[in-house]
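Chemist: I'll drop the sequence and a predicted model, then ask my questions.
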Amino acid sequence: MSPDDLVLTPRGVRFQGRYFPCSIGKGGISGRKREGDGATPRGVHKIVGMLYRADRMAEPRTWALAIGKDDLWCDAPGHQDYNQQVRAPFQDSHEALRRADPLYDLILLTDWNWRDVVAGRGSAIFLHQWRRPGYPTEGCIAFSRSDLHWIASRIVPGTRVIVP
């Protein structure tokens with residue numbers, strides 16, 4: 001492991017010599033992740049993108065992409081765009097990326113079940129802002145706004161997220 005890896009530990013996520021409190025999925029950590037189980041998938045994942053709300057914050061990195069009003073994430077296991085960003089109108093099951101709350105103002109995308117997608121294996125494993133300390137996610141890893149921004153300012157595409 002490298003100091004530039006984001007490593008989930010019992011104390012939080014370790015990154016660049018610091019620990020950051022975080023929340024994980026309400027289903028705990030699982031080596032058998034499935035769509036809708038609320039679990040954070042065990043493994044070594046990579047950061048493959050960054051999305052942000054340009055109407056709420058400045059561009060965090062030159063490689064970050066702004067979230068548009070019609071941007072969604074497909075979580076319909078039977079759809080050809082499963083675990084991919086899609087745009088409205090979209091009839092199948094999806095999650096809105098442009099939310100009324102601040103949870104997705106900044107999103108770090110992971111490569112969980114991406115590229116070689118397996119239907120039903122789980123979608124949208126992001127690093128994002130938490131609702132409040134200790135409040136579980138649907139499988140993502142969530143941080144305070146300030147910690148998420150600090151992390152985002154120091155990662156690069158390919159930074160590893162290690163969930164033991």
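Modeler: Nice, I can see it.
Chemist: Residue 75 and residue 3: what is the separation?
Modeler: 33 Å (C-beta to C-beta, to the nearest Å). (Each C-beta comes from the backbone N, C-alpha and C, glycine too.)
Chemist: higher neighbour count, those two?
Modeler: Shown here are residue 75 and residue 3; by other C-beta atoms under 10 Å, residue 75 has more neighbours (19 against 10).
Chemist: For stretch 12-25, measure first residue to last.
Modeler: 13 Å (C-alpha to C-alpha, to the nearest Å).
Chemist: Now do the buried residues in it.
Modeler: Buried residues in stretch 12-25, counted by 16 or more other C-beta atoms under 10 Å: 12-15, 20, 22-25.
Chemist: quick one: contacts for the nearest residue to residue 121 once chain neighbours are set aside?
Modeler: Distances taken as C-beta to C-beta, 6 or more residues apart in numbering place residue 113 nearest to residue 121, at 4.6 Å, with adjacent residues excluded. Residues counted as contacts of residue 113 (C-beta atoms under 8 Å, 6 or more residues apart in numbering) are 33, 41, 83, 121-123, 125.
Chemist: rerun that using 10 Å as the cut-off
Modeler: For residue 113, the contact set (C-beta atoms under 10 Å, 6 or more residues apart in numbering) comprises 33, 35, 41, 45, 82-83, 119-125.
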